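Participant: Got a sequence here, can you build the structure:
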Amino acid sequence: MGKGNRSRIERAMNDSVSVSKDVQVKKNKVSGAGIFVAVAAILVVVALLIGAIGVVNDSGWFARSQTAIKTENFKVDGSMMNYFFTTQFNNYYQYYNQMYSQLASSGLDVSSYVYQAMGITDPSKSLKEQDMKVAEGAEQITVFDFYMNLTEDYVTRMLTYCEFAVKEGIALTDEDYAEIDHTFEEMEATYKSQKAMYEQFGMAYYSSFSAYLAANYGTGVKERDIRNCLELVNLAAKFEEKLTDEKKQEIIGDKTNAAVEEFVKENPSAFLMADYYSYAFSVSSKGKTDAEFEADKKEILEKAKKLSEVVGKDAYKAAVIDLLIEAEKESFREKNWEQYLKMNDNDEAKANKALEEYFEKTYTEKYKNDKFEDTLTEGYKYPTTHTDLSKWVFGYEATACKDKTCSHTKEEDHEKDVVAAKPGDITYFENTSTKEETVKKEETTTAGTTAEETTTDAAAPASEETTTKEETTTKAPTSSSTSDKVKVTTYTVTVYLLEKAAYRNTEITKHFGYVMFASKADAEKFYAEFQKGEMNKDTLVELVEKLHEEIKPFAYDGAEDYMPGDLQDQKVDGADKWLETAKAGTCSGVVELTYTTTTTANNKTEEKKTTYYSILVYDQDGYEAWYCDALEGATGDAVSDWYEENALKLTFNEKPYRFINA
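Facilitator: Okay, here's the model as predicted:
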């Protein structure tokens, strides 16, 4: 997927899910572009959340018989609203589940954090029976109503786009309907494979594809309901794509570049970069008393303050090297102290003197230069979101100014009153974080016991004297260990040296097209056909369309602007090396692209690597990296402005919602 489409999708997702739990309850305005393009683009990626909402396989007749909303040309019934609500809710669940997935490695319960973020207090209860946490003074609503409000916003935008599509003569094509058919084929194939897997292990699974759909997409939702929904989504996507392209061309055509510059000004942290060096002092509370931890904190804070008082890059580098050497010496001393004591007749003074002589001999200027030559050769270049650091580097990004909670009365006062750091400035910031860790208690051993038993021999004749036997039983020592979860606090002080600030990433992007295959044989077959053409982007598109049904390429998303390193950042290995040296008209041949995805199951996070086989064709140099992102953002704002002016004013019939079993 291209950088442009990714930006739109990410922005649309963020607009949908970055909702405060202290939300002012009202129907939120959906902003940003690309919502329906995103949905249409991932129809074949079926993300299922089985059991997230208590759904049963009803017929859905009652919901289907009632209209939730109707416009001039379209109607959404209760069953379709059920589908939209369920998919919206599941998307939120998956978003938060991915956000908190890293907590699984710490042994924390990911699901509890997900439910908390979604406002769910009791997963076993209906969403309609739970109140959403709202801002003080706001009208109280249920969790169900909260997510239904978001669903209504989504449907309103979709129907607005669909109505304008009709006015402009945009309609679904045979290819669009075929793609929807293909989506259901994929869904049914998934159902069959999962059913076979369950049955292989003697486990029950949904008895039919219809039951499977109902369980995952809402009470009584059938294939025809989903099909009706997907047709609307695809039509909305076609109009949105046209609208987005028109707005983008308007912005590009404006020689003043006003819209792009305005977007950069409003979102400085996304575009302004800084080169800086840092050195961190850190100490943990693990295994320490409060007094010991406080003493350690005080010690490293004093070291950080001392480092922050040096002047200039050379002095900073020398001070950091001294700290690194000090750490090396301390480590060497701990590992070798007993040996030095033994070598010096257990005389501590002599042992210390011998160590100092070793250090003086070892840590020569040549050693320092050879080992620490590259200590500060490169800074860190990225837009920072660290509040204190961004305030120091960029000045006007101070939190109070950004949140409009400052006392400034004029816009220009934001920049005038908050002074940014200058190249060469040095400062430090403190940070405290706490997490739970599992700590084993000391093993306790129970000594073995010896027991003597006296028994009567029941087999002895009654006329004879009763005999007794003494038996000795010895029990082996037993040991046991337990573990506790304790809170471990880490205190860090980081010292920063600013080298360069407030500049934009001017690296030139590469514009290229690509197609991916799950099979190497399919990729090679495609490449053989592709070589017969002119080896350009247009030929690539034509061949994909021609051979799509025959060899079913995994994906094709047209040509987009990428910056070398961008794919790598997304955990896609294989394309960057070729892209960095690619020239216009060149083709990659078959390249192995490895995608790394992260999944969480049973509170355990796992990475999965999947390899696809791709052909990449470089078209031309694109825009500068900052401009690509700013253009997408400005375009999204323009689309949002259009929507504000043209959105349909709709009132939904809420009666069908009672049939949604959530």
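Participant: Please tell me how far the residue nearest in space to the middle of the chain sits from Met118.
Facilitator: With distances taken as CA atoms, centre = their mean, Met99 lies nearest the centre of the chain, 5.3 Å away. Using CB to CB, to the nearest Å, Met99 is found at 11 Å from Met118. In this view, the C-beta of every residue, glycine as well, is placed from N, C-alpha and C.
Participant: Give me the residue ranges of the chain where confidence is low.
Facilitator: For the chain, the stretches with pLDDT under 70 are 1-60, 104-106, 269, 376-387, 396-419, 438-484, 547-574, 584-585, 598-605.
Participant: And it, what are its domain boundaries?
Facilitator: Per automatic domain parsing, the structural domains of the chain span 3-267+630-659, 273-406+418-428+494-503, 439-485, 508-625.
Participant: From start to finish, how long is the last one in a straight line?
Facilitator: One end of domain 508-625 to the other measures 6 Å (CA to CA, to the nearest Å).
Participant: All the strands of the stretch 151-300 of the chain, residue numbers only.
Facilitator: Using DSSP state E, counting those that start in this stretch, the strands of the stretch 151-300 of the chain run over 273-284.
Participant: quick check: angle from whichever helix or strand Thr434 is part of to strand 273-284?
Facilitator: Take DSSP states H and E as the rule and Thr434 turns out to sit in strand 426-440. For strand 426-440 against strand 273-284, the angle by axes from the mean of the first three to the mean of the last three CA atoms, to 10 degrees is 40 degrees.
Participant: Check which helices and strands strand 426-440 sits against.
Facilitator: helix 290-308, helix 387-394, strand 483-503 (3 or more CB pairs under 8 Å, 6 or more residues apart in numbering; DSSP states H and E).
Participant: ok, that strand: who's next to it in the sheet?
Facilitator: strand 483-503 (antiparallel) (DSSP bridges).
Participant: Pull out the buried positions in the strand it pairs with.
Facilitator: By neighbour count on 16 or more other CB atoms under 10 Å, the buried set for strand 483-503 is 488, 491-499, 501.
Participant: ditto for stretch 233-248
Facilitator: In stretch 233-248, counting by 16+ other CB under 10 Å, buried: 233-241, 243-244, 247-248.
Participant: Is Ala420 part of a helix or strand, or is it coil?
Facilitator: coil (DSSP: H, G, I helix; E, B strand; the rest coil).
Participant: neighbours around Glu529, how many?
Facilitator: A count of nearby residues for Glu529, using other CB atoms under 10 Å, gives 13.
Participant: which strands and helices sit next to the helix or strand where it lies?
Facilitator: Per DSSP H and E, Glu529 falls inside helix 520-530. If contacts are counted by 3+ CB pairs under 8 Å, 6+ apart, helix 520-530 sits against strand 508-517, helix 537-551, strand 587-601, strand 604-624.
Participant: what's the spacing between it and its chain's center?
Facilitator: 34 Å (CA atoms, centre = their mean, to the nearest Å).
Participant: Buried ones in it, by neighbour count?
Facilitator: By neighbour count, with 16+ other CB under 10 Å as the criterion, the buried positions of helix 520-530 are 522-523, 526-527, 530.
Participant: how about the CA coordinates for it, as PDB?
Facilitator: Listed next in PDB are the C-alpha coordinates belonging to helix 520-530 (Å, rounded to 0.1, in the frame of the first residue of the first chain):
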ATOM      1  CA  LYS A 520       7.000 -17.400  -6.200                       C
ATOM      2  CA  ALA A 521       5.900 -19.400  -9.200                       C
ATOM      3  CA  ASP A 522       3.100 -16.900  -9.800                       C
ATOM      4  CA  ALA A 523       5.400 -14.000  -9.500                       C
ATOM      5  CA  GLU A 524       7.900 -15.500 -12.000                       C
ATOM      6  CA  LYS A 525       5.100 -16.200 -14.400                       C
ATOM      7  CA  PHE A 526       3.800 -12.600 -14.100                       C
ATOM      8  CA  TYR A 527       7.400 -11.300 -14.500                       C
ATOM      9  CA  ALA A 528       7.800 -13.300 -17.700                       C
ATOM     10  CA  GLU A 529       4.700 -11.700 -19.200                       C
ATOM     11  CA  PHE A 530       5.700  -8.300 -17.900                       C
END
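Participant: between it and strand 508-517, how many degrees?
Facilitator: Using the same axes, to 10 degrees: helix 520-530 against strand 508-517 is 120 degrees.
Participant: With distance to Lys222 and mean neighbour count added, can I get the helices and strands packed on helix 520-530 in TSV?
Facilitator: Converted to TSV, the helices and strands packed on helix 520-530 look like this (distance: least, CB to CB, whole Å; neighbours: other CB atoms under 10 Å):
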stretch	distance to Lys222	mean neighbour count
strand 508-517	33	22
helix 537-551	27	16
strand 587-601	30	15
strand 604-624	32	17
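Participant: For stretch 276-289, which outside residues touch it?
Facilitator: 293, 296-297, 299-301, 303-304, 307, 313, 316, 320, 323, 376, 379-380, 393, 437, 439, 488-499, 501 (CB atoms under 8 Å, 6 or more residues apart in numbering).
Participant: buried residues in it?
Facilitator: Buried-residue list, stretch 276-289, by 16+ other CB under 10 Å: 276-277, 279, 281, 283, 285.
Participant: Excluding chain neighbours, what is closest to Gly589?
Facilitator: Nearest non-adjacent residue to Gly589, counting by CB to CB, 6 or more residues apart in numbering: Tyr527, 6.4 Å away.
Participant: Touching, that neighbour and Val591? I think so.
Facilitator: No: here Tyr527 does not reach Val591: they are 10.2 Å apart, not a contact under CB atoms under 8 Å.
Participant: Need the residues touching each of those two.
Facilitator: Common neighbours of Tyr527 and Val591 (CB under 8 Å, 6+ apart) are Ile615.
Participant: And stretch 95-112, how far out from the chain middle?
Facilitator: Remark: stretch 95-112 is offset 11 Å from the chain centroid, using CA atoms, centre = their mean.
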